[in-house]
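**Q** Structure for the following, please:
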Amino acid sequence: MQSFTTVFAQLLSVVPKYVFVKLSKDHRGKRSPRTFLRWDQFVHLLHIQLAGCKSLRDGIMGMNAAAKRLYHLGVKPVARSTFADANNARPYAFFEALFGELYTRCLSQAPKHKFSFKNKLFSLDASVVDLCLTLFPWAKFRTTKAGIKLHTLLDHDGYLPAMVTVTEAKCHEANIAKLFRLPKGSIVVFDRGYIDHAWFRQLCKSGVFLVTRLKSNARFLVLERNLVDRATGVTSDQIIQVADGEQTLVLRRIGYRDKETGKRFKFLTNHMTLPARTIADIYKDRWQVEIFFRFIKQNLKIKPFLGNSKNAVLSQVYVALIAYLLLAYQKFMSKIGLSLHYLARLMQRNLFQQCEILDLLDLRRQRLKLNNSNRLSLLV
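**A** Numbers count the residues shown, from 1 in each chain. Got it, this is the predicted structure:
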């Protein structure tokens with residue numbers, strides 16, 4: 001009879017151990033931990049994310065309940081105070097770096113975006129997580145409110161978060177957008193909150209294409225009008241010049257009418273050769289970043305938090321993003337077409353089961369193995 005390690009251990013096998021050790025050395029603190037190591041902290045935090053634990057105490061109890069199976073994970077039970085101290089004291093930058101490494105690994109298995117062009121496609125957006133001002137005074141947002149903001153660059157190859165920066169909620173997303181370095185030839189799509197002509201010139205200079213919506217009060221001069229096929233929903237395709245102080249910027253303005261809703265949209269881009277309808281479809285696909293935010297808020301533990309310090313909060317956020325990548329990796333490897341929501345629920349209920357993950361995801365494969373096993377038993 002075949003035996004497998006736990007589902008949790010198989011999920012953790014995606015994390016390259018040599019990479020984890022290297023990052024641990026690079027982010028070593030003043031005092032090296034003797035018992036509760038970086039790996040122990042990571043596994044406990046990841047368990048809280050995948051198992052849907054409601055609190056730090058709940059997470060510790062869940063791990064202790066599976067004490068006999070912790071050997072396969074390479075960890076031991078830990079005291080709640082030790083776990084809490086580690087979350088507060090050990091810099092979150094380690095988990096941020098680990099997230100970056102795992103994104104690269106998951107990207108190698110991710111399907112390409114659905115468009116015919118070969119350019120990399122990214123969506124840029126930010127989402128606020130509300131906090132209690134009394135418990136999180138360092139994240140003060142308004143007079144009686146606190147919060148953090150997740151600035152996210154979503155890669156449309158597999159819809160993976162490529163870069164995530166966490167700031168206080170009062171930080172404007174346009175300021176953080178300027179810090180992201182995008183590969184030459186890539187296309188980035190964002191809403192009107194990011195419109196900044198100086199940044200647009202920077203993107204054009206870097207060879208990066210942009211797609212966004214035109215503000216209703218925008219002032220511009222039409223330089224050229226292109227022919228359009230109204231059957232595709234495109235109502236206009238123009239080359240325009242926008243003024244920004246003494247400088248000007250030449251862009252492309254596209255009008256589009258959605259046949260289903262009847263709504264009209266005005267898009268802005270610096271890509272002069274893609275079909276106008278493709279530009280409209282690119283902006284429509286930007287909705288995937290909203291789906292990403294909804295998923296992590298509903299299925300992972302972005303809130304409530306296990307600690308009140310900034311370090312504890314950001315450590316939990318980046319481990320939640322790592323959990324997202326691990327789930328996405330299993331989705332890519334299974335090639336079954338399961339939704340991430342279903343996959344997350346399945347992992348939550350079977351985290352310490354001893355079976356192969358692919359059998360868990362594909363019931364037909366599981367039945368086939370069971371039938372073959374029964375046949376062998378009859379022959380014996």
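
**Q** L300 - how many residues pack around it?
**A** When neighbours are defined as other Cβ atoms under 10 Å, L300 has 22 of them. Using the backbone N, CA and C atoms, a C-beta is placed for each residue, glycine as well.

**Q** Also R28?
**A** R28, neighbours per other Cβ under 10 Å, totals 14.

**Q** where in this protein is pLDDT low?
**A** Applying pLDDT under 70 to the chain flags the ranges 1-4, 29-32, 245, 363-380.

**Q** center of it, which residue is that?
**A** For the chain, the residue nearest the mean C-alpha position is P161 (3.2 Å; Cα atoms, centre = their mean).

**Q** That one in helix, strand or coil?
**A** Classification of P161 using DSSP: H, G, I helix; E, B strand; the rest coil returns strand.

**Q** so who does it touch?
**A** Neighbour list for P161: Y103, T152, L153, L154, D155, F292, L321, Y324, L325 [criterion: Cβ atoms under 8 Å, 6 or more residues apart in numbering].

**Q** Once you drop chain neighbours, what's closest to the third one?
**A** So the one you mean is L153. In space, and not counting its chain neighbours, L153 is closest to M163: 4.2 Å by Cβ to Cβ, 6 or more residues apart in numbering.

**Q** ok, now the fifth one?
**A** The shortest distance from D155 to any residue that is not its chain neighbour, by Cβ to Cβ, 6+ apart, is 4.2 Å, and that residue is A162.

**Q** Please indicate which of the contacts of P161 are buried?
**A** Listed as buried from those are Y103, T152, L153, L154, D155, F292, L321, Y324, L325; burial here means 16 or more other Cβ atoms under 10 Å.

**Q** export the contacts of P161 to a markdown table and tack on distance to N64 and secondary structure?
**A** Converted to a markdown table, the contacts of P161 look like this (distance: Cβ to Cβ, whole Å; DSSP: H, G, I helix; E, B strand; the rest coil):
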| residue | distance to N64 | secondary structure |
| --- | --- | --- |
| Y103 | 32 | helix |
| T152 | 34 | strand |
| L153 | 38 | strand |
| L154 | 37 | strand |
| D155 | 38 | strand |
| F292 | 33 | helix |
| L321 | 26 | helix |
| Y324 | 26 | helix |
| L325 | 27 | helix |
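
**Q** between those residues, which is nearest S13?
**A** L325 (13.7 Å; Cβ to Cβ).

**Q** what sits against the closest one?
**A** Residues in contact with L325 (Cβ under 8 Å, 6+ apart) are F99, L102, Y103, C106, L160, P161.

**Q** let's see it at 10 Å
**A** 14-15, 98-99, 101-107, 158, 160-161 (Cβ atoms under 10 Å, 6 or more residues apart in numbering).

**Q** just I302 next, same as before
**A** Q49, S127, V129, I148, L150, F293, I296, V313, Q316, V317, A320, L321.

**Q** how near is the residue nearest to A344 when sequence neighbours are not counted to L314?
**A** Residue nearest to A344 in three dimensions, not counting chain neighbours: N299, with 4.5 Å by Cβ to Cβ, 6+ apart. According to Cβ to Cβ, to the nearest Å, N299 stands 19 Å off from L314.

**Q** hmm, back to that, could you pick out the buried ones from the contacts of I302?
**A** Q49, S127, V129, I148, L150, F293, I296, V313, Q316, V317, A320, L321.

**Q** Please flag which of the residues you listed sit within helices.
**A** Q49, F293, I296, V313, Q316, V317, A320, L321 (DSSP state H).

**Q** what are the ranges of the strands in the stretch 101-250 of the chain?
**A** 121-131, 140-142, 145-155, 160-168, 187-189, 209-213, 220-225, 234-244, 247-257 (DSSP state E, counting those that start in this stretch).
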